[in-house]
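Visitor: Build me a structure from this.
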Amino acid sequence: MPSLKGRRFFFGTATDLRAGALAAEAAVQVEYLLQEMRDDRARTIFASLTQVPEFGQSPRGDVSDAPQYFIFKRRLFGQSGVPRPRGIPQRRGGTKYIVDPTRDCLILRCGGLHAPSGALVAGELQLPLDPSSTARGLFEVYRKELFRGFRKIRSYWLGPEALEGFRAGQRLVTIAVRSPREYDLAEVGGA
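Guide: Coordinates of the predicted model:
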C-alpha cells in the first residue's frame, strides 16, 4: 500500500479536478511546469491546470508514463518562480536541458481517462524531497482544494465522477492498463 505522508494518490476526471484546481489557483498564484528534456532552454509553463493539453486524460494508460508537472508559486509582480533549465551534455554530442524539482515546488501527475480502454488511471500529488515551508504550504492548499468533495477508498481519493465509475465497475488502474486487474483499486474484500 502506498505511503501517504506528503503524498496524495487519487482518481479524478477532468470534471472532478477542474473546480478544485481553479479554487487552489485562486488561493495562491502558481504556474505549472511540464517536466521534459529539451534540445533548447525553453520551458513549457501553464498558468492553470485546466490549460494543460489532455487535462483529465491518460493517453498511454500508465501512471509512471503520465506527464509530470512541477507546481511553483508565482513570484511577485508576475515573475516566474520556475528555475532555469540545467544542461546535460550528451555522449554523442550536444546538450539536453531539463528543470529539476526544487524544495519549493509540488510534483503532480493528473492521471485520467484512458479512452481506448475506458479505464481511469491514478494520479498523484506529492511534496519534493526535503520540502521547504513554501512547498508544504502549497501542499496544504492543494490537498484541501483540489480534493474537495473526493471520497477516500483504501489509500486513494476518488472524485465524484471517478466514484460513480468505480461503483459502476469501471477499471481504476493503479499501475497501467496492461497490468493485471488484481492491481486495480477494489473495495476492501472485493475482487
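
Visitor: Now do the helices in this protein.
Guide: With DSSP state H as the definition, the chain shows helices at residue ranges 14-27, 133-145, 160-167.

Visitor: So for the last one, mean pLDDT?
Guide: For helix 160-167, the mean pLDDT works out to 96.

Visitor: now do the second one
Guide: Here the mean pLDDT over helix 133-145 is 95, rounded to a whole number.

Visitor: Show me what that helix is packed up against.
Guide: Contact partners of helix 133-145 among helices and strands, from 3 or more Cβ pairs under 8 Å, 6 or more residues apart in numbering; DSSP states H and E: helix 14-27, strand 69-73, strand 106-109, strand 123-126. Glycine gets a C-beta too; all of them are placed from N, C-alpha and C.

Visitor: To Phe147, which of those lies closest?
Guide: Nearest of these to Phe147, taken as Cβ to Cβ: helix 14-27 at 6.3 Å.

Visitor: Now do the buried residues in that closest one.
Guide: Ala14, Asp16, Leu17, Arg18, Gly20, Ala21, Ala24, Glu25 (16 or more other Cβ atoms under 10 Å).

Visitor: so how far is it off the chain centroid?
Guide: Centroid displacement of helix 14-27 relative to its chain, using Cα atoms, centre = their mean, to the nearest Å, is 13 Å.
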